[in-house]
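# need the 3D shape of this:
(4 chains)
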Protein chains: 2
Amino acid sequence: MGMYYPSMARASTTSDAFNAVAEPRRREILSFLAFDERPVGDIVAALGLEQPSVSKHLRVLRDVGLVKARRDGRNMLYRTEAAAIRPLHEWTRTFERIWSHQLLRIKERAEKDSRP
Amino acid sequence: MGMYYPSMARASTTSDAFNAVAEPRRREILSFLAFDERPVGDIVAALGLEQPSVSKHLRVLRDVGLVKARRDGRNMLYRTEAAAIRPLHEWTRTFERIWSHQLLRIKERAEKDSRP
DNA sequence: GACACATATTCCCATATGGGTATGTATTAT
DNA sequence: ATAATACATACCCATATGGGAATATGTGTC
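I've put the predicted structure just below:
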């Protein structure tokens, strides 16, 4: 796992959070489960997807640690493991300084151009 | 574009930044081009990929606006458009409050347990 | 135990991907 | 004009994906 094989079309979806989050439905699920734990049925209702599809997305999210599950009677309660999103946040954050710098330059140029 | 078709395996890679960034090689490229503009050849040398593969990754990044290109003689100079990463940053940021809260609860529990 | 309910897995299928090789297309050099 | 350099595209191939339908598994209920 995590190794690259010759003709792998892309790093497996189950291998890292970046891939898991690339799928819009999975982002919806993460948002939906951010504050409370919820049974699968609620997610199915919220997303309007078939139950098997939802279960498969949950499986992916679980494999990369983005959600946690616990059984409650016949239900499985899922919740978002927000801390697992942190690496993505950190990665994007490394560009924050750069974009503010770029914006600054754009602003400077605009001011310069507006002066006759 | 951006629409969902019946049996689409996943939102097209060219449709949004989340997908573009899901590929490790493309993240490397974005980091490599973050501070300076560079010709394709430099990227090829840095990543150790074949030139066509690099060009294809650049194409994807360009289509979603994550890099900009300009011609300079025979070279094409690419640079990261850092601001385009901002939406990802914002999305991950919505979970920041939640994870600090979760960490706090873990800490509280740990302190409670350590008291006899 | 039989049955209902909630999820998870398996299977099939169409489509998206990424890598490589071969081939186009600009643009500069001779 | 011809050749060389630097990229971009087209094409082929193996693999990954996601959706739905059918089926298996797990867990209360009667």
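# contacts, neighbours, all on C-alpha from now
Fine.
# which residue is nearest the middle of chain A?
Nearest to the geometric centre of chain A sits A:Val21, at 3.1 Å (CA atoms, centre = their mean).
# OK, contacts around it?
A:27, B:18, B:22 (CA atoms under 8 Å, 6 or more residues apart in numbering or on different chains).
# make TSV from those and add pLDDT and neighbour count to it.
Converted to TSV, the contacts of A:Val21 look like this (pLDDT from 0 to 100; neighbours: other CA atoms under 10 Å in any protein chain shown):
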residue	pLDDT	neighbour count
A:Arg27	97	16
B:Phe18	95	22
B:Ala22	95	22
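# and which of those is nearest to DNA strand C?
B:Ala22 (7.3 Å; CA to the nearest atom of the strand).
# need the contact list for that closest one.
A:18-19, A:21-22.
# run through the helices of chain A in chain order.
A:17-22, A:24-32, A:40-47, A:51-63, A:86-93, A:96-114 (DSSP state H).
# is the fourth one in proximity to DNA strand D?
Yep, that's helix A:51-63 we're talking about. Yes - using CA under 7 Å from any atom of the strand, we find that helix A:51-63 touches DNA strand D at A:52-54, A:57.
# tabulate those residues (JSON lines), appending neighbour count, distance to A:Glu90 and pLDDT.
Formatted as JSON lines, the residues of helix A:51-63 next to DNA strand D follow (neighbours: other CA atoms under 10 Å in any protein chain shown; distance: CA to CA, whole Å; pLDDT from 0 to 100):
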{"residue": "A:Pro52", "neighbour count": "11", "distance to A:Glu90": "33", "pLDDT": "97"}
{"residue": "A:Ser53", "neighbour count": "12", "distance to A:Glu90": "30", "pLDDT": "96"}
{"residue": "A:Val54", "neighbour count": "20", "distance to A:Glu90": "28", "pLDDT": "97"}
{"residue": "A:His57", "neighbour count": "18", "distance to A:Glu90": "24", "pLDDT": "97"}
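# and the worst-scoring helix or strand of chain A on mean pLDDT, which residues are buried?
The weakest-scoring helix or strand in chain A, judged by mean pLDDT, DSSP states H and E, is helix A:96-114 (a mean of 81). Going by neighbour count (16 or more other CA atoms under 10 Å in any protein chain shown), the buried part of helix A:96-114 is A:96, A:98-99.
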